[in-house]
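1. Just need the structure, nothing else, for what follows:
(3 chains)
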Amino acid sequence: MTAAGGALDASLIEPERRRFRAIPAPLLPATIMMIILLVAPLAVLLSYSVLEVNGAAVEGGISFATFGRLLSSRYFWFLFGRTFAIALGVTLLCLVIGYPIAFLITRVHGWLRAVILVAVAAPLLTSGIIRAFAWIVILGKQGLVNFALTSTGLVDEPVSLLFQVRSVVIGMTQLLLPFMVIPLISAIQDVPAETTHAARNLGASEFRIFWRVLIPQTVPGAAAGITLVFALGYSEFTLAMLLGGGSFNYLSIYIYDSMTSLLDWGRGAAAAALLLASSLLTVVILNLVVRRLTRWSRQIN
Amino acid sequence: MVQADQLERGAVGGAPGGVPPAPRTRAADAGWRIILHGVAAIGLIMLVVPTLIIIITSFDTRNFIGFPPAGFALERFDRLVHDQAIIDAAVTSLSVAVAAVLLDVVLAVPAAIAFVRREFAGKSFLLAFLQIPLMLPGIVIGIALLIFISTIGIDLSLGMLVLGHVVLTFPFVLRITMSRMERADIALEEAARNLGASRLVVFGRIQLPYLAPGIVAGAAFAFLSSFDNLTVSLFLTPVGDMTLPVHLFFLMRYDLDPVVAAVATVQVLATLTIIVVGLRVAGEDAIVST
Amino acid sequence: MEIVLTGVAKSYGDQPALYPLDLTVKEGEFVTLLGPSGCGKTTLLRIIAGFVTPNQGRVYLGDTDITDRPANRREVGLLFQSYALFPHMTVAQNVAFGLKVRRLSKRRLAEQVERMLDLVSMSEYAGRYPKQLSGGQQQRVALARILAIEPKVLLLDEPLSALDRQLRIQMQLELARLIAEVGITTMFVTHDQEEALTMSDRIAVMDRGTIAQYDTPGEVYDHPSSEFVASFIGRSNLIKGQVVPGGAAGGAQFRFGPHSLPLRADAARGAAGLADGAEPPEAAGGRAATSGIGHREGGTAGERTLLVRPDHLELLPATATAGLPGTVATFQDLGEAFIYGVDVADGPQLTVRVPRGRSEGLLAVGTPVRVALNEAAAEWLIPAPADSRVGAS
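-> Residues are numbered from 1 along each chain as shown, chains lettered A, B, ... in the order given. Modelled structure (predicted):
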């Protein structure tokens, strides 16, 4: 029998015994798998970039010669810049085209909405190869676009649209649009309707509402889309390879060549490391920019 | 064009009540709306047309790739069926994908349950860690594995390829299964334990049946990812035994064989079927979780 | 089988959920843990079931210490608030689940399932799935599922909360009958005091992690040990005043404002006997026949609170001489009775319950009336906090 009346002191209760909570057994296989199949290989990759490598084998100790070679090569910087520029361009295109699509989706309901969503998801139905093939059919000398242009008499000769930068950009835009649209849908839906209603009541035109009220509030959400699209475009390989043609070079293609035909694994590893690092850096900077923009847009409101 | 009755009430274009816009802005509104819808239309066309083109082209009769098709026949499909190299590659892709998905499920399901039901030190770190492959470019994973395997002296084989695909697709199965598990009713598990069930019985008779739709959805996703994968497969595929994407890749680089069109159509239809069936089995929440 | 808890306490981090408590439920008894949400009643139940590990204390089933046993080896049956029927199994398969785990032979299993379904009158539904059943039916299946494994003790976690009022009352009776028929020791958790009063042999009223009173329904209602218990069970008027020695019959008086009521000299129930939680003396019946105020000990002087149940009060016309003068301030029409709030002159607002048959109609706000104690009823002086004993065995 205990008297529970009177002062109720929490110290009456002994503290819980702290059982050491280690990683539960069911998680071990997956964790070990990841460590062996991802962490270890990545470590080896990194090591290949800072060791003396001849062909596919390690010859010597730590050396930054490979990095030196790369970073002092004008060609490499050109490649780097082009990869960056293309990724940025694709991102902007996706932004410009993706916003209206996302906006449309939020303003439409029922079966029409479902149809549009399926259309947005369509590129994801096909594999990279298939997509590249489709664009070859469309952009080739005997393809759809040229057919349209020549048969309507807009041009006399078929235009070369394939196997150059623009075909890669077009192909990537199609591939990456869904990744921009879907985050944007959430971002637009999160904007409180009252803000646009209020602007409407004040007599603002839709144009103004779109740019001054809606877009600034979606910036944080759009950031997700931007970083995703950029990262994916920056490291894209299949489309660059197949739509770019023989003379087109991209960072990922450079790495591929180093690893396979050129068998210069040290260079491939170093380039891959730089690819990763620069991608990460850009994403971080993008996020900072977005955060600055968000603060600025909040001040406007 | 968007039908008026499908426009959301109270949206930017149709807020009821309040001051109506001045006539000048109404014209500007219309103009802006045209631009907006126009760009969206271009985008949607861009998204959908390529897939349609593929299907149409596969019925072409000519010996080269072009549009519009000269005739409509099943010629290219016939060539496809007789192309042993492609069929072998497809079978290889299929087996690799199935093996990878099986391994994924075996690894991911217990992990998902543990993440949702248990608390332990470093939980959020481990969860992020197991999803790193999602953040890495495929090409990086591919060459890392290639270098690693050759360094420790193993030959390239389909087995290694399967392992590479497992790394790539594991996060999908994990996430989707976890998403399903998070909505599981713990009272059911407790009731089972109260009735005397061991943890194993609870897993097999209560949790697994509930998770099944989520597992199917995750497996479908992982399967498609593995089947279509090029970036990792390019580096890990053994010479004699190529997966379909790798085979097609080389095919397309050196000689644009029209049979690729037929392959493309078959693949699109197969993917569509898998998605539809997967959704049927997995139900609504599969869409939500992806 | 008896349930015995000694020194059981639980905290979550630095948030106490249960202060060290002892509790004994006798073999075959139906005990209810009653209290507002957050009082710890469900935590206590789950400690017995094995889903919560206490910081300290032991749990016994009969003579066996089950404190360290995992939840699946405790031989207790827990009925969940949501019933937790397995949706992918039929009724029969649900009921058979615990038996299957115990590896019963096919024939015995089938027999037991049939017997249980018959017991809860759900035999025709054996092949149905839970989602095809109504709430009441699901509950019966859940009960059958538990009883099938013949647990030593039955634990019920607010099983009737999900039901609508009519069904709830019906299920209370049915559940009580069924449990009595089976004769199993039962612990029931609820926040509905009517339910507790209806169904239990004893009630443990809980407040913020402790047991405020552990007694029969009658005792808890008539002789609550604290203001919390008094106001939690049924409607109450808690009048603050003083016990003052002197007055008629050499006893003491209860004074509030300018008013006073006599304390019976012979009403003391004797501190020692009752504080141990023993059965109240048979004189209880006799005492109710005389008017006056009952109390736990010999009327020690000091600040005290008097409990007057609203049904012990009557409303008399303003012209009457008995009772205290006041005005009607609020009213509620409950259908079977009216509930009036009467502002007593120089006194508190008293709640008075007037059965519908006994009045000529609704009194309007502002009507002057007189409030009088029903002569046949006995009031109760709530023990001063320092003197309250929480008997829990």
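2. ok, and does stretch A:184-200 reach over to chain B?
-> Yes - under the criterion of C-beta under 8 Å from any C-beta of the partner chain, stretch A:184-200 makes contact with chain B via A:A193, A:T196, A:H197, A:R200. Yep, even glycine has a C-beta here, placed from its N, CA and C like the rest.
3. List only those of those residues flagged as buried.
-> Listed as buried from these are A:T196, A:H197, A:R200; burial here means 16 or more other C-beta atoms under 10 Å in any protein chain shown.
4. which one among these gets closest to chain C?
-> Lowest distance from chain C to these (C-beta to the nearest C-beta) belongs to A:H197, with 39.7 Å.
5. Which SSE is immediately downstream of the strand or helix carrying the closest one?
-> If you go by DSSP states H and E, A:H197 is part of helix A:193-201. Of the helices and strands lying after helix A:193-201 in sequence (DSSP H and E), the nearest is helix A:206-208.
6. Can you list the helices and strands that the helix or strand just after that next one packs against?
-> Once the chain leaves helix A:206-208, the next helix or strand it forms, by DSSP H and E, is helix A:215-235. Judged by 3 or more C-beta pairs under 8 Å, 6 or more residues apart in numbering or on different chains; DSSP states H and E, the packing partners of helix A:215-235 are helix A:74-106, helix A:165-190, helix A:251-259, helix A:265-300, helix B:138-151.
7. The next helix or strand after the first one - contacts with which helices or strands?
-> Scanning forward in sequence from helix A:74-106, with DSSP H and E defining helices and strands, the next element found is helix A:110-125. Helices and strands in packing contact with helix A:110-125 are listed as helix A:74-106, helix A:165-190, helix B:23-57, helix B:259-282; criterion 3+ C-beta pairs under 8 Å, 6+ apart.
8. what about the strands in the stretch 101-250 of chain C?
-> C:153-157, C:185-190, C:202-207, C:210-215, C:237-245 (DSSP state E, counting those that start in this stretch).
9. Could you tell me the angle between whichever helix or strand comes after the longest one and strand C:237-245?
-> Put plainly, it is strand C:237-245. Sequence-wise, the next helix or strand beyond strand C:237-245 is strand C:252-256, with elements assigned using DSSP H and E. Counting by axes from the mean of the first three to the mean of the last three C-alpha atoms, to 10 degrees, strand C:252-256 points 130 degrees away from the direction of strand C:237-245.
10. so for strand C:252-256, what's the average pLDDT?
-> For strand C:252-256, mean pLDDT is 75.
11. Provide the strand pairings for that strand, with the direction of each partner.
-> Using DSSP bridges, the strands paired with strand C:252-256 are strand C:237-245 (antiparallel), strand C:259-263 (antiparallel).
12. among those, which gets the worst mean confidence?
-> When I compare those, strand C:259-263 is least confident, with a mean of 72.
13. Next, please give the residue ranges for the strands of the stretch 151-290 of chain B.
-> Going by DSSP E, counting those that start in this stretch, the stretch 151-290 of chain B shows no strands.
14. Quick one: the helices in it, in order.
-> Taking DSSP state H, counting those that start in this stretch as the criterion, the stretch 151-290 of chain B carries its helices at B:158-181, B:186-194, B:199-201, B:208-228, B:233-236, B:244-254, B:259-282, B:284-289.
15. Lowest mean pLDDT across those helices, which one is that?
-> What stands lowest among the helices of the stretch 151-290 of chain B, in mean pLDDT terms, is helix B:284-289, with a mean of 48.
16. Roughly how far does the closest residue to C:F51 other than its chain neighbours sit from C:P151?
-> Closest residue to C:F51 apart from its sequence neighbours, by C-beta to C-beta, 6 or more residues apart in numbering or on different chains: C:A71 at 5.5 Å. According to C-beta to C-beta, to the nearest Å, C:A71 and C:P151 sit 13 Å apart.
17. Show me which of these two is the more surrounded one.
-> Shown here are C:A71 and C:P151; by other C-beta atoms under 10 Å in any protein chain shown, C:P151 has more neighbours (22 against 19).
18. can you tell me which residues contact residue 84?
-> Picked chain A for this. By C-beta atoms under 8 Å, 6 or more residues apart in numbering or on different chains, A:F84 lies in contact with A:Y234, A:S278, A:T282.
19. think we crossed wires, I meant chain C
-> C:A84 neighbours (C-beta under 8 Å, 6+ apart): B:D185, B:A187, B:L188, B:E190, B:A191, C:A142.
20. ok, it to chain A distance?
-> 23 Å (C-beta to the nearest C-beta, to the nearest Å).
21. one step back: pretty sure the residue nearest to C:F51 sits against C:G50.
-> Yes - under the criterion of C-beta atoms under 8 Å, C:A71 makes contact with C:G50 at 3.4 Å.
22. Could you check how far the residue lying closest to A:L251 once chain neighbours are set aside is from A:V165?
-> Distance criterion C-beta to C-beta, 6+ apart; nearest residue to A:L251, sequence neighbours excluded, is A:T83 at 4.1 Å. Look at A:T83 and A:V165: by C-beta to C-beta, they are 11 Å apart.
23. Nearest to A:E59, out of the buried ones among the residues of stretch A:184-200 next to chain B: which one, please.
-> A:T196 (64.8 Å; C-beta to C-beta).
24. thought that closest one was touching A:L214?
-> Yes - A:T196 is within contact range of A:L214, at 6.4 Å (criterion: C-beta under 8 Å).
25. how about stretch A:67-78: buried residues?
-> Applying a neighbour-count criterion of 16+ other C-beta under 10 Å, one finds A:F67, A:L70, A:F76 buried in stretch A:67-78.
26. before we move on, what about stretch B:233-244?
-> Using 16+ other C-beta under 10 Å as the test for burial, stretch B:233-244 gives B:S233, B:L234, B:F235, B:L236, B:T237, B:D241, B:M242, B:T243, B:L244.
27. Would you format the strands of the stretch 101-250 of chain C as TSV with mean neighbour count and distance to A:A132 included?
-> Putting these into TSV (neighbours: other C-beta atoms under 10 Å in any protein chain shown; distance: least, C-beta to C-beta, whole Å) gives the following:
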stretch	mean neighbour count	distance to A:A132
strand C:153-157	23	60
strand C:185-190	25	65
strand C:202-207	25	70
strand C:210-215	25	73
strand C:237-245	17	83
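28. Arrange those strands in CSV, one row each, with distance to B:P133 as further columns.
-> Output for those, formatted as CSV (distance: least, C-beta to C-beta, whole Å):
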stretch, distance to B:P133
strand C:153-157, 43
strand C:185-190, 47
strand C:202-207, 51
strand C:210-215, 53
strand C:237-245, 66
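29. quick one: which of those strands is nearest B:A97?
-> Between B:A97 and those, the shortest separation by C-beta to C-beta is 46.7 Å, and it involves strand C:153-157.
30. tell me what the closest one is packed against?
-> Applying 3+ C-beta pairs under 8 Å, 6+ apart, we find strand C:153-157 packed against helix C:41-49, strand C:76-79, strand C:185-190.
31. what angle do it and helix B:186-194 make?
-> 180 degrees.
32. Low-confidence regions, the chain specifically.
-> Chain wasn't specified; assuming chain A. Where chain A drops to pLDDT under 70, the residues are A:1-11, A:16-20, A:297-298, A:300-301.
33. That was the other one, I meant chain C.
-> Those would be C:246-252, C:262-301, C:359, C:375-379, C:381, C:383-393, if you go by pLDDT under 70 across chain C.
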